[in-house]
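[1] Dropping the sequence and predicted coords here.
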2 protein chains.
Amino acid sequence: MTSTQGEFALLDETWSSVTPPAARRMLIAAAAAFSVRGYHATTTRDIAAQAGMSPAAVYIHYRSKEELLFQISRIGHGTSLSVLTAVSEDDPAARLAAAVRAFASWHAEFHTTARVVQYELSALTPEHLAEVVELRRRIEAAVRGMVEDGVAAGVFDVPDVRGATLAVLSLCIDVARWYQPSGRRTPAEIGDLYADLVLRMVGTAGR
Amino acid sequence: MTSTQGEFALLDETWSSVTPPAARRMLIAAAAAFSVRGYHATTTRDIAAQAGMSPAAVYIHYRSKEELLFQISRIGHGTSLSVLTAVSEDDPAARLAAAVRAFASWHAEFHTTARVVQYELSALTPEHLAEVVELRRRIEAAVRGMVEDGVAAGVFDVPDVRGATLAVLSLCIDVARWYQPSGRRTPAEIGDLYADLVLRMVGTAGR
DNA sequence: CTCCATACTAAGCGGTTGCTTAGATCTAAG
DNA sequence: CTTAGATCTAAGCAACCGCTTAGTATGGAG
């Protein structure tokens, strides 16, 4: 697997649950377009053209343009939550570091999806937004739990748990805004850098 | 000056250089609309209505909708650069802390303007974007200079200066995304929290 | 073969968009 | 009073938007 194939191979994995293939191609085309131009600046004709189909083909698989956005947002949020909670470390510091490494590097590696996930919430219908907000609540709770565990174990020095949680999440999420594949850091390097910075923020004792 | 008048009073200061008054009202209306719905989802009729004028009145003062965006972005970037470089402290740690406090709290207090500044760059024409990118380069250089000063003085422990600079800026900028006036923290409290977290990230010796 | 469901396209409909044109109103100088 | 410039509005134009309709191609079941 070369580095240029890497993203597409993993993208296929991200969207692998979407069938039929034409519906999947449409979602991937929509995510790419929303990411670059934004939801409102992207037309259904843009999406169909990128997927190699006629404008009307969008409506065979999706009720509306907004439902395309919702599916991208729902699957993207679910994937990022999985990445965050898949860590297996026991030690609180190692656990938080691994989670931050995975979450930050995901926002770089899949910045295309991540940008839609993080910056197009206001285009969702109230019902769809509510569903996504619940996933975001679980993401926040996962990080807060890790910070609390470290404090309880006496290895973190955090005067404001909610504030620290906010900052950790914010730092990782903002990677999706500034990351460029042509930049000087790889997603893995960003993950390592951020894991170190976060451990400093939570005042890890023995480093 | 009450807290509800606070933002408007300071907003007037932000836009005080814009004349005539009708052009200023239009800019403020456009910034509010762009911030909530995004540039592409906002119509020139929305802006004119919010400013209490007819749709055609926009084009008396601005060549296009994009020029409204450019003026907001240009003035907003300039203001945030001023806020960052106005710090008067000499000690490197106190200086960086003051800059972060000011920059982060600006992104909260003026989140309306800040959101347009940070999230609508892709809607600018190439020429206008180039002008704004130069201001962003100066913002990045200002923060990097403060980090370098602390390292040179031996009070910071930073293995990766560019990486730390990136993280500090990223943390502050992302405040514009999540801040809500109805939230549990005031802009000043966010500034204090972030100043502390940043000093931890740069490994300040005597804290 | 017929039948039928699925997947797709060509054409286009009603509504909205950014922006323009023609003309009204106001202010202030001569 | 006349004139000129600046500011604003009513009306509307060409282009584009999301989405629908009508009809075609395909492939598997009976």
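    Sure thing, it's come through. Numbering: from 1, shown residues only, chains lettered A, B, ... in the order given.
[2] C-alpha from now on. contacts and neighbour counts both.
    Fine.
[3] Now the nearest residue to A:Trp15 once chain neighbours are set aside: which helix or strand?
    Nearest non-adjacent residue to A:Trp15, counting by CA to CA, 6 or more residues apart in numbering or on different chains: A:Arg24, 6.7 Å away. Per DSSP states H and E, A:Arg24 falls inside helix A:21-37.
[4] After that helix, which helix or strand is next? Please name it.
    With elements assigned by DSSP H and E, the helix or strand that comes after helix A:21-37 is helix A:44-50.
[5] pLDDT value on A:Thr14, please?
    Confidence at A:Thr14, expressed as pLDDT, is 86.
[6] got it, and A:Gln5?
    At A:Gln5, the model reports a pLDDT of 46.
[7] Could you do A:Ser82 as well?
    95.
[8] any idea how far it lies from A:Ile75?
    For A:Ser82, the distance to A:Ile75 equals 10 Å [CA to CA, to the nearest Å].
[9] more neighbours, these two?
    Neighbours were counted for A:Ser82 and for A:Ile75 using other CA atoms under 10 Å in any protein chain shown; A:Ile75 has more, 18 against 14.
[10] What separation is there between the more buried one and DNA strand D?
    20 Å (CA to the nearest atom of the strand, to the nearest Å).
[11] now what about the helix holding A:Arg24, what contacts it?
    A:15-16, A:18, A:39, A:41-42, A:46-48, A:50-51, A:58, A:61, A:68-69, A:71-72, A:112-113, A:115-116, B:122 (CA atoms under 8 Å, 6 or more residues apart in numbering or on different chains).
[12] helices and strands around the helix or strand harbouring A:Val100, which ones?
    A:Val100 belongs to helix A:92-109 when assigned by DSSP H and E. Packing partners of helix A:92-109 (3 or more CA pairs under 8 Å, 6 or more residues apart in numbering or on different chains; DSSP states H and E): helix A:65-85, helix A:126-152, helix A:161-173, helix A:175-178, helix A:187-201.
[13] switch the cut-off to 10 Å
    Helix A:92-109 sits against helix A:3-14, helix A:65-85, helix A:111-119, helix A:126-152, helix A:161-173, helix A:175-178, helix A:187-201, with contacts defined as 3 or more CA pairs under 10 Å, 6 or more residues apart in numbering or on different chains; DSSP states H and E.
[14] List the buried residues for the second one?
    The reference is to helix A:65-85. A:65-66, A:68-78, A:80-81, A:83-85 (16 or more other CA atoms under 10 Å in any protein chain shown).
[15] That one: how far from the chain's middle?
    Put simply, helix A:65-85 sits 8 Å off its chain's centre (CA atoms, centre = their mean, to the nearest Å).
[16] C-alpha coordinates for that helix, CSV please?
    What follows is helix A:65-85, C-alpha atoms only, in CSV (Å, rounded to 0.1, in the frame of the first residue of the first chain):
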residue,chain,number,x,y,z
LYS,A,65,-28.8,16.9,-1.2
GLU,A,66,-29.1,17.3,2.6
GLU,A,67,-29.5,13.5,3.0
LEU,A,68,-26.1,13.1,1.3
LEU,A,69,-24.6,15.5,3.8
PHE,A,70,-26.3,13.7,6.7
GLN,A,71,-25.0,10.2,5.6
ILE,A,72,-21.4,11.7,5.4
SER,A,73,-21.8,13.3,8.7
ARG,A,74,-23.3,10.3,10.5
ILE,A,75,-20.7,7.8,9.1
GLY,A,76,-17.9,10.2,9.7
HIS,A,77,-18.8,10.9,13.3
GLY,A,78,-19.2,7.2,13.9
THR,A,79,-15.8,6.5,12.5
SER,A,80,-14.1,9.1,14.5
LEU,A,81,-15.8,7.9,17.7
SER,A,82,-14.6,4.4,16.9
VAL,A,83,-11.0,5.6,16.3
LEU,A,84,-11.1,7.4,19.7
THR,A,85,-12.5,4.5,21.7
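[17] anything in stretch A:16-28 near DNA strand C?
    Yes: judged by CA under 7 Å from any atom of the strand, stretch A:16-28 and DNA strand C are in contact via A:Pro20, A:Ala22, A:Ala23.
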